[in-house]
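[1] generate coordinates for the sequence data below:
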Amino acid sequence: MNVATPPDALAAEGLDVCYRVRGRDRVVLRGLDFRIRRGESFGLVGESGCGKSTVALAATRYLPRNGRVSGGRVLIDGRDVLELDNAELRRLRAHSVAMVYQEPAKALNPSMPIGRQVAEVFEVLGSPRREALEKARAMLGRVRIADPASVMVRYPHQLSGGMQQRVVIAMALAIRPSLLILDEPTTGLDATVEAEILDLIEQLRREYSTAVLFISHNLGVIAGMCDRVGVLYAGRMVEEGPTRAIFEDPRHPYTVGLLRCLPRRGRSKAQGRLDTIPGQLPPIGAQITGCIFAPRCVLADDLCRAVDPPPVRLSDGRVSACHHHERAPDLPTTAPPARRLAVLVDQAAVPVLSLDHVSKSFGGGAVTVRAVTDVSLELWAGETLGLVGESGSGKTTLARMILGLTGPDAGSELRINGRALASHAFQRHAAHRKSLQIIFQNPDTALNRARLIRRLISRALGKLAGLAGAERLERLHALIALVRLGERHLDVRPRQLSGGLKQRVAIALAFAGDPRVVVCDEPTSALDVSVQAAILNLLADLQAERQVSYVFISHDLGVVRYLSDRIAVLYLGRLMEFGPAEAVFSGPHHPYTEALLSAVPSVEGGRPERIALRGEIPSPVRPPSGCVFHTRCPRKIGAICERDVPQLREIAPGHSLRCHLHLDELGGAQAPAAADQASVS
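    Next up is the predicted model:
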């Protein structure tokens, strides 16, 4: 007896999508073909602007008014989405397809309690209100929200980003969809929260046999989550097949380039610059003869520039659209291997920045938030200090105190080049304000969108460097050359630039006054891996040339490892571990550091065995007694952790951590023999 094969959860067949811009149809997806089987997870990767989100919008018929499917078709559970009438389309969205967006706050109604929003999904499916509320409570429990009843009565702004994302996932999975579309669902989340969300998605996918379309620029996440992957470039699927095969042996130059842009496990700037992909994506709707990637490909020849390569099916089940797919793994690198970016740091000199017993409390009386508690750090010229920890650990508060945007508590001491630094920026000498600059995560927040780039940088040179006339013009051109911008970029506005180019302008503004210390607050987290590599190379180059010091804040530990010389690990405002980057990453680790590192996905081995932390991070209003980490610590040893505050002890030269465990009980590499005598605090 023949059993009919169930239809694919999602299939795109020759899909073309275009946007109507200024009276012209501009093609954004070209002849797209891929399938996602039931219960399968399919990853879609590529740079911003390549069409990833357009695929999701086309699949659900959510294209903007100026967008349309101009060719091919999209099938969900065997039904052509483009042929459904409005009633059928609503039923499809209510019963078969769910979508989780990058920013959960935008998907939640700020004026409605969480319980009502989740219950609405069940009411749409036909449940009475009381029953819908009970199902909502149960569904919140399914997504590992510890106290669903209390969360039900809260509003979205009262939840953390990770909790908001769990609520959105609960709403998406409430209908038990046959297809779940995830569009950058973990971008901006801490590594630990990201790992919990991904574990949850994987568990529920298997439980409900849900197919997943996972869109992300995080290749490590895709490597650990997806059975198959498609690589999208300028609207074309240039490579598609089993994830491990593509990541271990890529057969398209673009895929090779993306993977080489990543800071690989254990790699630092001491090993040289990261590889990058030359050039930029073609503009939307560009008419290109031949291979669309040829203008950026070092393997391109006359055949590539004249003939569009057809998809070639390889023996291992993958498809590559490249004339020279057999040569792709040997793609020449773009980074000069001999260039070393590490700076020799003279720790016998006066530190460029010193923090002694720095604390910060907000509020007062019965409600006091202890954001930072007794942190002492030193930063030398030409050094990068990486600040890591979950949201709420005090990283940003510490950075704001360095910049003078937030005043520290009494008894805190900050010094620059050995001289006392006033608490607030307006109290500081002009030279001190000029010496301390910041690069923000989102350059749009630092750039006036209405001003020309020339005007923005000139103004910064006038205010920070005190330059005018010909001298300012000369310095302007030197500065744009320093950050690898061209003359053509001066006479455009920020809104006309890509994210990577805008970040270069933001870096130019920070360096206008020849700073000694630059705070980098998540400067690459919103960027593609190719742009991220270029920005990291730029920061390392500037440091090598200018001997500038960085305070580098990021939740991407691979990026932190690449750029940082030393690492400070913060938890609830306390310094839990501090030392050379190599020592902190190789171990022995503090249990909190160990948990952070275990949560980091990698393309080299998928996701590692994760060390789960218990519960949520405690409130800084009422921090736990003893070791503040003991309520979540997987290595808690007993009452001593609850009773006694562990001291920050040195376990090796320059490497300190705060823990009651013996050195040989800590995770990571074996401790050096000389330090084996370290005792319990």
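[2] beta partners for V229?
    G43, G241 (DSSP bridges).
[3] any idea how many residues pack against it?
    Residues contacting V229 under the criterion other CB atoms under 10 Å number 27. For every residue, glycine as well, the C-beta is placed using N, CA and C.
[4] surely it touches I222?
    Yes: V229 is within contact range of I222, at 5.8 Å (criterion: CB atoms under 8 Å).
[5] spit out the residues that contact those two alike.
    43, 45, 243 (CB atoms under 8 Å, 6 or more residues apart in numbering).
[6] just these now: which is nearest G626?
    Distance to G626, by CB to CB, is smallest for G43 among the shared contacts of V229 and I222, at 43.0 Å.
[7] what's the distance between the closest one and L219?
    Separation of G43 from L219 (CB to CB, to the nearest Å) stands at 9 Å.
[8] and the strands in the stretch 451-600 of the chain?
    Here the stretch 451-600 of the chain has its strands, by DSSP state E, counting those that start in this stretch, at 517-521, 549-553, 566-571, 574-580.
[9] got CSV for those strands, with mean neighbour count, distance to G500 and mean pLDDT too?
    Shown next, in CSV, are the strands of the stretch 451-600 of the chain (neighbours: other CB atoms under 10 Å; distance: least, CB to CB, whole Å; pLDDT from 0 to 100):
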stretch, mean neighbour count, distance to G500, mean pLDDT
strand 517-521, 23, 15, 94
strand 549-553, 25, 18, 95
strand 566-571, 24, 26, 95
strand 574-580, 23, 30, 95
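[10] C50: which of these is closest?
    With CB to CB, the closest approach to C50 among these belongs to strand 517-521: 26.6 Å.
[11] need the contact partners of that closest one.
    352-353, 379, 396, 399, 402-403, 416, 435-441, 510-511, 539, 548-554.
[12] show me what contacts L479?
    Contacts of L479 by CB under 8 Å, 6+ apart are 457, 461, 508, 511-512.
[13] all helices for the stretch 1-150 of the chain, in order.
    With DSSP state H, counting those that start in this stretch as the criterion, the stretch 1-150 of the chain has helices at 52-59, 86-95, 104-107, 114-124, 129-142, 148-152.
[14] the fifth one vs helix 114-124, what angle?
    If I follow you right, that is helix 129-142. Interaxial angle of helix 129-142 relative to helix 114-124 (axes from the mean of the first three to the mean of the last three CA atoms, to 10 degrees): 120 degrees.
[15] who's in contact with helix 129-142?
    In this structure, residues lying in contact with helix 129-142 by CB under 8 Å, 6+ apart are 114-115, 118-123, 127, 148-149, 151-152, 166-167, 170, 173-174, 204.
[16] ok, of those residues, which come out buried?
    Neighbour counting by 16 or more other CB atoms under 10 Å classes 114-115, 118-123, 127, 148, 151-152, 166-167, 170, 173-174, 204 among the contacts of helix 129-142 as buried.
[17] any buried residues in stretch 390-404, and which?
    Within stretch 390-404, the residues that count as buried by 16+ other CB under 10 Å are 390-404.
[18] of those, closest to E577?
    Among the buried residues of stretch 390-404, and counting by CB to CB, the member closest to E577 is S393, at 12.1 Å.
[19] what sits closest to the closest one if chain neighbours are left out?
    Of all residues not flanking S393 in the chain, L570 sits nearest, at 4.2 Å (CB to CB, 6 or more residues apart in numbering).
[20] surely that neighbour meets L398?
    Yes: L570 is in contact with L398 according to CB under 8 Å; the separation is 7.3 Å.
[21] what's the overlap in contacts for these two?
    Counting by CB under 8 Å, 6+ apart, the contacts common to L570 and L398 are 375, 387.
[22] and the pLDDT for D190?
    pLDDT recorded at D190 is 80.
[23] okay, and for the stretch 451-600 of the chain, where does confidence drop off?
    Applying pLDDT under 70 to the stretch 451-600 of the chain flags no residue at all.
[24] so what's the nearest residue to A12 once chain neighbours are set aside up against?
    In space, and not counting its chain neighbours, A12 is closest to L32: 4.9 Å by CB to CB, 6+ apart. L32 sits next to 12, 14-16, 55, 72, 235-237 when contact means CB under 8 Å, 6+ apart.
[25] could I get those residues as a markdown table with distance to D85 and pLDDT?
    Listed next are the contacts of L32 as a markdown table, based on distance: CB to CB, whole Å; pLDDT from 0 to 100:
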| residue | distance to D85 | pLDDT |
| --- | --- | --- |
| A12 | 21 | 95 |
| G14 | 23 | 94 |
| L15 | 21 | 95 |
| D16 | 22 | 95 |
| V55 | 23 | 94 |
| G72 | 20 | 94 |
| G235 | 28 | 92 |
| R236 | 31 | 94 |
| M237 | 30 | 96 |
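[26] ok, of the residues you listed, which one's closest to A105?
    Closest approach to A105 among those (CB to CB): V55, at 23.8 Å.
[27] give the contact list for that closest one.
    12, 15, 29, 32, 44, 213, 215, 232.
[28] cool, and T186?
    Applying CB under 8 Å, 6+ apart, one finds that T186 lies in contact with 165, 193-194, 197-198, 216, 218, 221.
[29] that one and I169, how far apart?
    From T186 across to I169, the span is 11 Å (CB to CB).
[30] give me the common contacts of the two.
    Overlap between the contact sets of T186 and I169, as judged by CB under 8 Å, 6+ apart, is given by I197.
[31] where are the low-confidence patches of the stretch 251-400 of the chain?
    Ranges of the stretch 251-400 of the chain meeting pLDDT under 70: 335-346.
[32] L204 reaches L173, doesn't it?
    Yes: in terms of CB under 8 Å, L204 counts as a neighbour of L173; the distance is 5.6 Å.
[33] one step back: pick the one among the contacts of V55 closest to A94.
    For the contacts of V55, the minimum distance to A94 (CB to CB) is 18.4 Å, reached by L213.
[34] okay, and the beta partners of that closest one?
    Those that pair with L213 in a beta bridge, by DSSP bridges, are F42, I181.
[35] quick one: which of the contacts of strand 517-521 sit in helices?
    If you go by DSSP state H, the contacts of strand 517-521 have 396, 399, 402-403, 435, 510, 539 in helices.
[36] looking at the residues you listed, spot the one nearest D409.
    I402 (14.6 Å).
[37] my read: that closest one touches S354, true?
    No: contact criterion CB under 8 Å: I402 and S354 do not qualify, at 10.6 Å.
[38] common neighbours of the two, please.
    In contact with both I402 and S354: L414, using CB under 8 Å, 6+ apart.
[39] does D190 touch G392 like I think?
    No: if you go by CB under 8 Å, D190 and G392 don't touch, sitting 9.2 Å apart.
[40] circling back: who does the residue nearest to A12 bridge with?
    Here L32 sits in beta bridges with L15, going by DSSP bridges.
[41] let me see the contact set for the most centrally placed residue in the chain.
    Geometric centre of the chain, nearest residue: S525, 3.9 Å, by CA atoms, centre = their mean. Taking CB under 8 Å, 6+ apart, we find S525 in contact with 187-188, 441, 554-556.
[42] rerun at 6 Å
    When contacts are counted by CB atoms under 6 Å, 6 or more residues apart in numbering, S525 touches Q441.
[43] and for the one 4 residues further on?
    Going by CB under 6 Å, 6+ apart, V529 touches 258, 261-262.
[44] quick one: it from A195, how far?
    In terms of CB to CB, V529 sits 19 Å off from A195.
[45] cool, and T289?
    Using CB to CB, T289 is found at 45 Å from A195.
[46] which one of the two is surrounded by more residues?
    Set T289 next to A195 and count neighbours by other CB under 10 Å: A195 wins out with 26 against 10.
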